[in-house]
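Chemist: The amino acid sequence is not available; the structure is as follows:
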């Protein structure tokens, strides 16, 4: 009896609330959910929990996606290579991936498209590090040494190789060994290897906790301002969802502009989706967050990949990027 | 006796932690870079107030329970069928013996490729991994039924189904329970492994990916601590259930555990 009453009261309350909302001048809300004719209003976007992918979290926090009538559900991915199948089978609509991986996959026949730029290397954000008492004083000393890298034949080895070249070495003069970034510090400290290539926040941690020193900033010379990662999807998805993609591009561009104009925005968002706390976020070195997708800039990655034989033949970058509509 | 055993277990665990703490804090090697047990336990306790972690743990445990339940619903009837109908067992056994030793973690990448729905993929690999111990134990349980008891019932005119229900199933039940307990441990391993490999919106494994990318080994270990604790609790609960349900078997076989 009381239960029925309570149910009725609830229903009544809900009905009143709904009526009030409907009268509340918000009358365009039913169709505004998809007034822009988006093919898909809810998309799942795969991202690594690292500073690179800040834009979708900023866009969510600032309501940029919402303004476009788009709901973006971020999903943590384990890695670009391991998650490629998820974007191919449709579990993810769009995902983060680094350009070396994307171009490598494209050269193997994968039908992929880059829809937005994400992260570009800046000074001191990707370094070769050695323990403080290491006898390695300059890059040329790496001859015959073992360098830890997160993925073989990827952006890390490519960047290191550009520095080896400056020192008169080639990739054949060193040994690369795979190791996840968090484990590199301990592995070097226990002499399992001689040097490591690492991004932030590991550079700061290795410096402050282990006293490591930076042997070389890898993003200089040929690799200066190297485009690192972008938002990508499949050809098929782009063909099927042009409006959804354009909405995503506009919102991400806004977030990227905000991120590159105000570092505080990145520092504020990092602790919400990574385990980088506010204190660490305020001291780590970050790359840049380009707002526009530029074939010219991405061409640099292709050129390096061809030069160091990561690609057999050049790829036409224009054919795999989807430039956002003007305006 | 149980209390004495519990006490010894606690002393053993505590001793291990203390030794670990001392080695890490004052050990001769400055090269060992690993959070001390006290740091890990402190972070583990703090995680209980972390909504994101709790949601993750809940997600993983839901997948785990759902996967285990489906594995029971598939594995037990299949085991009973194979155990009761010998020609079927002969036909299926080679395939089972081929599939069973494949490490379940190895099929996760295949599952990621084939199953485009995240939760479904995760539950599917949990089912796949945990169905084997249930199926095989049920099968052994069915083989272990006392033939004399079956014959007696048959000679009194009971049909096949009646013999199955009155003798075979009750006799195989303790084996089934053991299979489920073994499967529970495997299911938890696979639940977390699938998240580590595939990522996801929430989960213990997803939390570990985040902690790793943020250089927080202490958080990785704290989350691992809880994964271990959940496994331990599940095992204890299932063991207690086995004892209660099948105490007659212990009495009959004189097993001490």
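Modeler: Cool, got the structure. The model shown is predicted, which means the values in this text are computed figures rather than measured ones. Numbers count the residues shown, from 1 in each chain, chains lettered A, B, ... in the order given.
Chemist: Contact partners for the residue in the stretch 101-250 of chain B that chain A sits nearest to?
Modeler: Closest approach between the stretch 101-250 of chain B and chain A, counting by Cβ to the nearest Cβ: residue B:214, at 3.0 Å. Bear in mind the C-beta positions are built from the backbone N, C-alpha and C, glycine included. By Cβ atoms under 8 Å, 6 or more residues apart in numbering or on different chains, the contact set of residue B:214 is A:49, A:201, A:274-276.
Chemist: Could you do residue A:127 as well?
Modeler: Residue A:127 sits next to A:197-198, A:203, A:214-218 when contact means Cβ under 8 Å, 6+ apart.
Chemist: go with 10 Å
Modeler: Listed by Cβ atoms under 10 Å, 6 or more residues apart in numbering or on different chains, the contact set of residue A:127 reads A:159, A:195-200, A:202-203, A:206-207, A:212-219, A:285.
Chemist: Which residues of the stretch 51-200 of chain A lie near chain B?
Modeler: Listed as neighbours of chain B in the stretch 51-200 of chain A under the rule Cβ under 10 Å from any Cβ of the partner chain: A:51, A:73-79, A:82-86, A:88-92, A:95, A:131, A:180-192, A:198, A:200.
Chemist: Is the residue in chain A positioned nearest to chain B within a helix or a strand, and which one?
Modeler: Nearest residue of chain A to chain B, counting by Cβ to the nearest Cβ: residue A:275, 3.0 Å away. If you go by DSSP states H and E, residue A:275 is not part of any helix or strand.
Chemist: still on that earlier bit, if you rank the contacts of residue B:214 by neighbours, which is first?
Modeler: residue A:201 (27 neighbours; other Cβ atoms under 10 Å in any protein chain shown).
Chemist: so that one sits right up against residue A:181, yeah?
Modeler: Yes - Residue A:201 is within contact range of residue A:181, at 9.2 Å (criterion: Cβ atoms under 10 Å).
Chemist: where's the residue lying closest to residue B:143 once chain neighbours are set aside relative to chain A, distance?
Modeler: Among residues not flanking residue B:143 along the chain, residue B:83 sits closest, at 6.2 Å (Cβ to Cβ, 6 or more residues apart in numbering or on different chains). The gap separating residue B:83 from chain A is 38 Å, by Cβ to the nearest Cβ, to the nearest Å.
Chemist: who touches residue B:83 in this structure?
Modeler: Residue B:83 makes contacts with B:89, B:135, B:138-145, B:164, B:168-169, B:172, B:175, as judged by Cβ under 10 Å, 6+ apart.
Chemist: Could you turn the buried ones of those residues into a PyMOL selection?
Modeler: Applying 16 or more other Cβ atoms under 10 Å in any protein chain shown to these, the buried members can be selected in PyMOL as follows:
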select buried, chain B and resi 89+135+138+139+140+141+142+145+164+168+169+172+175
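Chemist: which one of the contacts of residue B:83 is nearest residue A:66?
Modeler: residue B:135 (48.9 Å; Cβ to Cβ).
Chemist: Show me the helices in the stretch 1-150 of chain B, by range?
Modeler: Along the stretch 1-150 of chain B, counting by DSSP state H, counting those that start in this stretch, helices occupy B:2-26, B:37-47, B:51-84, B:86-99, B:108-114, B:118-143, B:147-155.
Chemist: In CSV: those, plus mean pLDDT.
Modeler: As requested, these are exported to CSV (pLDDT from 0 to 100):
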stretch, mean pLDDT
helix B:2-26, 84
helix B:37-47, 91
helix B:51-84, 94
helix B:86-99, 89
helix B:108-114, 91
helix B:118-143, 93
helix B:147-155, 86
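Chemist: ok, and which of those helices has the densest surroundings?
Modeler: Sort the helices of the stretch 1-150 of chain B by mean neighbour count, taking mean count of other Cβ atoms under 10 Å in any protein chain shown, and helix B:118-143 sits at the top with a mean of 23.
Chemist: Which elements pack onto it?
Modeler: Counting contacts by 3 or more Cβ pairs under 10 Å, 6 or more residues apart in numbering or on different chains; DSSP states H and E, helix B:118-143 packs against helix B:51-84, helix B:86-99, helix B:108-114, helix B:169-198.
Chemist: Taking helix B:169-198 as reference, get the angle to that helix.
Modeler: Angle of helix B:118-143 versus helix B:169-198, following axes from the mean of the first three to the mean of the last three Cα atoms, to 10 degrees, is 150 degrees.
Chemist: what's the offset of helix B:118-143 from the middle of its chain?
Modeler: The chain centroid and the centroid of helix B:118-143 are separated by 10 Å under Cα atoms, centre = their mean, to the nearest Å.
Chemist: which stretch among the helices of the stretch 1-150 of chain B comes nearest residue B:208?
Modeler: Among those, the nearest to residue B:208 by Cβ to Cβ is helix B:51-84 (9.2 Å).
Chemist: can you give me the strands in the stretch 151-300 of chain A?
Modeler: For the stretch 151-300 of chain A, the strands defined by DSSP state E, counting those that start in this stretch occupy A:175-178, A:195-199, A:213-217, A:227-234.
Chemist: Low-confidence bits of chain A, can you list those?
Modeler: Applying pLDDT under 70 to chain A flags residues A:1-35, A:324-327.
Chemist: Which segments of it make up each domain?
Modeler: Domain assignment of chain A by automatic domain parsing yields the ranges A:35-121+A:225-319, A:126-223.
Chemist: Now tabulate those domains in TSV and tack on distance to residue B:128.
Modeler: Formatted as TSV, the domains of chain A follow (distance: least, Cβ to Cβ, whole Å):
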stretch	distance to residue B:128
domain A:35-121+A:225-319	18
domain A:126-223	27
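Chemist: Tell me the buried residues within the contacts of residue A:127.
Modeler: Neighbour-count burial (16+ other Cβ under 10 Å) applied to these gives A:159, A:195-200, A:202-203, A:206-207, A:212-213, A:215-219, A:285.
Chemist: got a markdown table for the strands of the stretch 151-300 of chain A, with distance to residue A:39 too?
Modeler: Shown next, in a markdown table, are the strands of the stretch 151-300 of chain A (distance: least, Cβ to Cβ, whole Å):
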| stretch | distance to residue A:39 |
| --- | --- |
| strand A:175-178 | 40 |
| strand A:195-199 | 35 |
| strand A:213-217 | 43 |
| strand A:227-234 | 13 |
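Chemist: Am I right that residue A:40 is in a strand?
Modeler: No - checked against DSSP: H, G, I helix; E, B strand; the rest coil, residue A:40 lies outside a strand; its state is coil.
Chemist: Looks like it contacts residue A:93 (just checking).
Modeler: Yes - assessed by Cβ under 10 Å, residue A:40 is found in contact with residue A:93 at 7.0 Å.
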